[in-house]
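S.K.: 3D model of this:
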Amino acid sequence: MDWNEIINWIFGVGGSLMVIIGGVTLLWNKRLAQEIEKRHQAEEALKVSLEKYRVLLQASNSGVGATDEQRQGAEKELEETQERLLLNQKLMQTRLILLEYMRAHSLDELLTKVLDEVGQLVDSPIGFYHFVEEDQQTLSLQQWSTRTLKEFCQIGAKGVHYPIHKAGVWVDCVVEKKAVVHNDYPSLAHKKGLPDGHAEVVRELVAPVIRQGKVFAILGVGNKPVDYTEKDIETVSYLADVTWQIVEHKRAEEELIKAKEAAESATRAKSAFLANMSHEIRTPMNVIIGMSRLIKDTELNEEQEEYAEMISHSSEILLSLIEDILDFSKIEAGKVELESVEFELQNLIKKITDMLKIKASEKGLNLVCDIADDIPCSLKGDPNRLRQIILNLLNNAIKFTPTGDITIKIQQVTPVVSDSNILTLLFEVSDTGIGIPQDRLNRMFQPFSQADASTTRKYGGTGLGLVISKRLVELMGGEISVESQYEKGTTFRFTACFEKIASDLIYSDKYAVSCTNTNLDKIVEPSNREFTEIRILMAEDNEFNQRLAIILLQKMGLTPDVVSNGKEAVEAVRQKIYDIILMDIQMPEMDGLEAAKAIRDEGFKIPIIAMTANVTADDMANCAAAGMNGYISKPIDPDKLSQIIINYSAVSS
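M.R.: The predicted structure follows:
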């Protein structure tokens, strides 16, 4: 296989590759490969010519064999070969200069640079580069060389579309689809004259850029002091072609940047929409769920208790569906980030199973937990997302299991390595439920999918739980899989990676454990102060949420001061000493973030807890940046609210 065959095999017809060397992007295509081969051939020809000339000189010196004509021929051949090699070197060097220049300059600046380089190579003060439109009938005037605009021509006309049939002889190259030279321009009979302000033309050379039989651009030079030669034609044609390759790359690069910016803008808009929707949905849901809980705590007759239970249960289901949809949207938008906090695995699993035992016992199911003895008590990772995955799998198991057992088993994937700080755990959730047909297993981790449509009708759900779990497992460095036998049961397995903790603490009920983000993950002993003496300021603009929070706090024996916006909250802090502030985020006049920052700027160190429906990772980061200490999301869990007040009033005191 010779060199040209290798080129065709690698690139095909008109093919190209992109090579990045030391941060410099090079367009490596068939034309470049051919130019390298041309240079290689010229170097080989030079070697042959040098050898011929050496032989002739030896013969001449010895007086044997060589004639004057032969010596002159060898000298001429050597000179032409040297010129060819020098030209190839200049063209290759110019190409590399333009490729490097492309990285930090606009398309217009690049075209000006091209024309200035070509002008120097062929000694031409006039230079222009124009595009040919798809219809092959229209020119789009693009750029003139620096010297042209400075010394010869005051006609800019950038971007002007000009019919080819109205143009002069300089567009003959488009019609003939080859480079044209007019070394005696004034004497041409078919020229159409020049517009006012145009430079006087003495001679010109114009080369087309041709792709698949169509002309895409033309590069022209003019007014060389002497006639244009074949070497000039080769130089201009080559650089016209090189320039078009760079133009295509630059256009693609600019389109990619625009597409990236558009995608980022769309992602920001989607994230803002999700945050707003989350807030708007959670705000009334907070009242519905909170009030239904309060109603259940009152004296009700049997019928009223049934109604209250239905409202409470349905609102919890609705919240779960909303959470699934919002979570899926956040995952699709790439907005889910994992926390890395210390947590106790046994405690986490105990809380999950305690939560689900009632639901399982109502169906007569046995809920069994088996945690290997060699698993450390304390780990570092995202307990909330781990809880979400396990709850989803266990809830599905309970939902689809009419009788029998449900088991969660946790073990290490590999034995502990003493010098390794990462621990990989295998979680296994098994049931004796309805099972999944083999031909439908591959659909289980697809969005909005369940085993079949009847499953959705009978059991409900969005079909998003498993796909969310799969994405979360992958974010935690693991994998998830499923095995099932129809009408016998199903087993879901997933792995997840955690960081081991140097000192393995054992959980004790003596300490109060916080419930939200990293600023709350301090374990503090409850204060000896009377709980009812805690001074609370609550900033909340929604009157229904105000009323709910007041009732919840009053049931704890607390009486908060209430304000309706951030501005009032800042003023209240100036007037009175508080142990803790519960701050909504979205409020009129001054929002919660601005209020928190203003309170911190005035030197107050009162614990500020965000109590809001904004629940994204960005929201949490914004709260921390504003100086807030913690975060509790709506709908508000009364137990978590109580615990957070205990924790932070102790810090304050």
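
S.K.: residues of the helix or strand harbouring Tyr307 that come out buried?
M.R.: Taking DSSP states H and E as the criterion, Tyr307 maps to helix 302-332. By neighbour count on 16 or more other CB atoms under 10 Å, the buried set for helix 302-332 is 308, 311-312, 315, 319-320, 322-331. Where C-beta positions appear, they are placed from N, C-alpha and C, glycine not excepted.

S.K.: what does stretch 234-242 give?
M.R.: Glu234, Thr235, Val236, Ser237, Tyr238, Leu239, Ala240, Asp241, Val242.

S.K.: wait, is the last one part of a helix?
M.R.: Yes - according to DSSP: H, G, I helix; E, B strand; the rest coil, the state of Val242 is that of a helix.

S.K.: which residue ranges form the helices in the stretch 351-500 of the chain?
M.R.: Remark: helices assigned in the stretch 351-500 of the chain by DSSP state H, counting those that start in this stretch are 383-399, 453-459, 465-475.

S.K.: buried stuff in the longest one?
M.R.: Counting neighbours by 16+ other CB under 10 Å, one finds that the buried residues in helix 383-399 are 383, 385-399.

S.K.: try stretch 140-156
M.R.: Buried-residue list, stretch 140-156, by 16+ other CB under 10 Å: Leu141, Gln142, Gln143, Trp144, Ser145, Arg147, Thr148, Leu149, Phe152, Cys153, Ile155.

S.K.: between helix 302-332 and the helix or strand harbouring Arg268, find me the angle.
M.R.: In this assignment (DSSP H and E), Arg268 forms part of helix 230-296. When axes from the mean of the first three to the mean of the last three CA atoms, to 10 degrees is applied, the directions of helix 230-296 and helix 302-332 differ by 170 degrees.

S.K.: off-centre distance for helix 230-296?
M.R.: Mean-position distance between helix 230-296 and its chain equals 9 Å (CA atoms, centre = their mean, to the nearest Å).

S.K.: can you give me the mean pLDDT across that helix?
M.R.: For helix 230-296, mean pLDDT rounds to 83.

S.K.: between the buried residues of helix 302-332, which is closest to Gln136?
M.R.: Closest approach to Gln136 among these (CB to CB): Ser329, at 47.5 Å.

S.K.: pretty sure the closest one sits against Lys270.
M.R.: Yes - with contacts counted by CB atoms under 8 Å, Ser329 reaches Lys270, the gap being 7.3 Å.

S.K.: where exactly do the helices run in the stretch 51-200 of the chain?
M.R.: Using DSSP H, counting those that start in this stretch, helices in the stretch 51-200 of the chain cover 68-102, 107-121, 146-147, 172-176.

S.K.: tilt between the first one and helix 230-296?
M.R.: Relative orientation of helix 68-102 with respect to helix 230-296: 20 degrees, computed using the same axes, to 10 degrees.

S.K.: name the helices or strands packed onto helix 68-102?
M.R.: strand 24-29, helix 30-62, helix 107-121, helix 230-296 (3 or more CB pairs under 8 Å, 6 or more residues apart in numbering; DSSP states H and E).

S.K.: scan this protein for its longest strand.
M.R.: Using DSSP state E, we find that the single longest strand of the chain is strand 489-500.

S.K.: what helices or strands is the helix or strand just after that one leaning on?
M.R.: Next helix or strand after strand 489-500 toward the C-terminus (DSSP H and E): strand 536-539. Packing partners of strand 536-539 (3+ CB pairs under 8 Å, 6+ apart): helix 543-555, strand 561-563, helix 566-575, strand 580-583.

S.K.: so what strands line up beside the second one?
M.R.: Which is strand 561-563. In the sheet, strand 561-563 lines up against strand 536-539 (parallel) (DSSP bridges).

S.K.: average pLDDT for the strand it pairs with?
M.R.: If you average the pLDDT over strand 536-539, you get 94.

S.K.: can you list the helices of the stretch 51-200 of the chain in JSON lines and add distance to Asn301 and mean pLDDT?
M.R.: Below are those laid out as JSON lines (distance: least, CB to CB, whole Å; pLDDT from 0 to 100):
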{"stretch": "helix 68-102", "distance to Asn301": "81", "mean pLDDT": "75"}
{"stretch": "helix 107-121", "distance to Asn301": "79", "mean pLDDT": "87"}
{"stretch": "helix 146-147", "distance to Asn301": "93", "mean pLDDT": "86"}
{"stretch": "helix 172-176", "distance to Asn301": "92", "mean pLDDT": "86"}
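
S.K.: still on that earlier bit, quick one, the helix holding Tyr307 and helix 383-399 angle?
M.R.: 120 degrees.

S.K.: quick check: mean pLDDT of helix 302-332?
M.R.: The model assigns helix 302-332 a mean pLDDT of 78.

S.K.: in the helix or strand following that helix, what's buried?
M.R.: Toward the C-terminus, helix 302-332 is succeeded by strand 341-344 as the next helix or strand (DSSP H and E). Of the residues in strand 341-344, Val341, Phe343, Glu344 count as buried by neighbour count, 16+ other CB under 10 Å.

S.K.: parallel or antiparallel, which strands does strand 341-344 pair with?
M.R.: Sheet partners assigned to strand 341-344 using DSSP bridges are listed as strand 378-381 (antiparallel).

S.K.: flag the shaky bits of the stretch 351-500 of the chain, pLDDT-wise.
M.R.: Applying pLDDT under 70 to the stretch 351-500 of the chain flags the ranges 415-419, 447-463.

S.K.: distance of Leu85 from Glu44?
M.R.: Distance of Leu85 to Glu44, computed by CB to CB, to the nearest Å: 10 Å.

S.K.: those two: which has the busier surroundings?
M.R.: Remark: of Leu85 and Glu44, Leu85 carries more neighbours, 17 against 11, as counted by other CB atoms under 10 Å.

S.K.: mind giving me the packing neighbours of the longest strand of the chain?
M.R.: Counting by 3+ CB pairs under 8 Å, 6+ apart, strand 489-500 packs on strand 378-381, helix 383-399, strand 422-431, helix 465-475, strand 480-485.

S.K.: nearest to Asp584, out of those?
M.R.: Nearest of these to Asp584, taken as CB to CB: helix 383-399 at 21.5 Å.

S.K.: fine by me, thanks again.
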